[in-house]
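J.: need a 3D model of the following:
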Amino acid sequence: MIRLGVLASGGGTNLQAILDGCATGRIDAEVALVLCNVPGAGALERAARAAVPHLVLPSKGVADREAYDRQVVERLQEARVDLVCLAGYMRLVTPAFLRAYGPTPATRGCPRVINVHPALLPAFPGLHAQRQALGAGVKVAGCTVHFVDEGTDTGPIIAQAAVPVLGDDTEATLAARILVQEHRLYTQAIDWFARRRLSLEDRTVRLDEARWPAAALLSPEPP
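T.: Prediction:
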């Protein structure tokens, strides 16, 4: 069982999915630390209710991003975190952060920082992904779980799930439909990492002993 560090900035619904997944055994891991950069964020309340260690490192007004990230890394390392999960974390992590949680022999080439993004990358990276999707007139949207690199949502893709874009969709309705899939897909990908089923070759993430084809992840539930 590995130890997770979850970084969050907001309400923490993806954090809640991770906490629930760990509690029910769907993720072979435990949340060792929740760290939030926004005082009063809902994610802190969720961590407190789950009796999970949590702390706030305010980032507002911080100019030295590397120095801030060194503090974050220090707290994560104190908690003996194996995998860092970004869950609505509204900061770009620095190269120093990524070096601290880079691949190890045990992770089979996989970095140790993971994120979920509400779009089918490489389409619509960055902020307001649902607004971008609606503005482009796409008929299918979705979410992507990926390893984190120095770019903005450019890391190697682990898994994706798609949802239809309906004619009367707003940002809010589309975001809600995507969020359901985020919760499912993120917990699944974290469990794959925890069970050492993922490997990375160049920019291709491979899943060992897959019980269903990757395309099945596009359906609401796996077979």
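J.: can you map out the helices along this protein?
T.: Remark: helices of the chain, listed N- to C-terminal, are 13-24, 42-49, 65-78, 95-100, 129-136, 171-194; assignment by DSSP state H.
J.: tabulate those in CSV, adding columns for distance to V31, mean pLDDT and mean neighbour count.
T.: All C-beta spots, glycine's among them, are computed from the backbone N, C-alpha and C. Putting these into CSV (distance: least, CB to CB, whole Å; pLDDT from 0 to 100; neighbours: other CB atoms under 10 Å) gives the following:
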stretch, distance to V31, mean pLDDT, mean neighbour count
helix 13-24, 6, 98, 20
helix 42-49, 8, 97, 18
helix 65-78, 12, 97, 16
helix 95-100, 19, 96, 16
helix 129-136, 26, 98, 18
helix 171-194, 10, 97, 20
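J.: which one of the ones you listed lies nearest to D153?
T.: With CB to CB as the criterion, D153 lies closest to helix 129-136 of the helices of the chain, at 8.5 Å.
J.: could you check the pLDDT of G155?
T.: Model confidence at G155, given as pLDDT, is 97.
J.: domain-wise, how is the protein divided?
T.: If you go by automatic domain parsing, the domain ranges for the chain are 1-101, 115-223.
J.: find the nearest non-adjacent residue to V62, please.
T.: Leaving aside its sequence neighbours, V62 sits nearest to Y68 (CB to CB, 6 or more residues apart in numbering; 4.9 Å).
J.: which residues are in contact with the one you found?
T.: Residues in contact with Y68, defined by CB atoms under 8 Å, 6 or more residues apart in numbering, are L57, S59, V62.
J.: chain neighbours aside, what residue packs nearest to the most centrally placed residue in the chain?
T.: By CA atoms, centre = their mean, the mean C-alpha position of the chain lies nearest to N115, the distance being 2.7 Å. Distance criterion CB to CB, 6+ apart; nearest residue to N115, sequence neighbours excluded, is L86 at 4.2 Å.
J.: give me every residue that touches the one you found.
T.: Each residue near L86 by CB under 8 Å, 6+ apart is listed here: L7, V93, V113, I114, N115, V116, V148.
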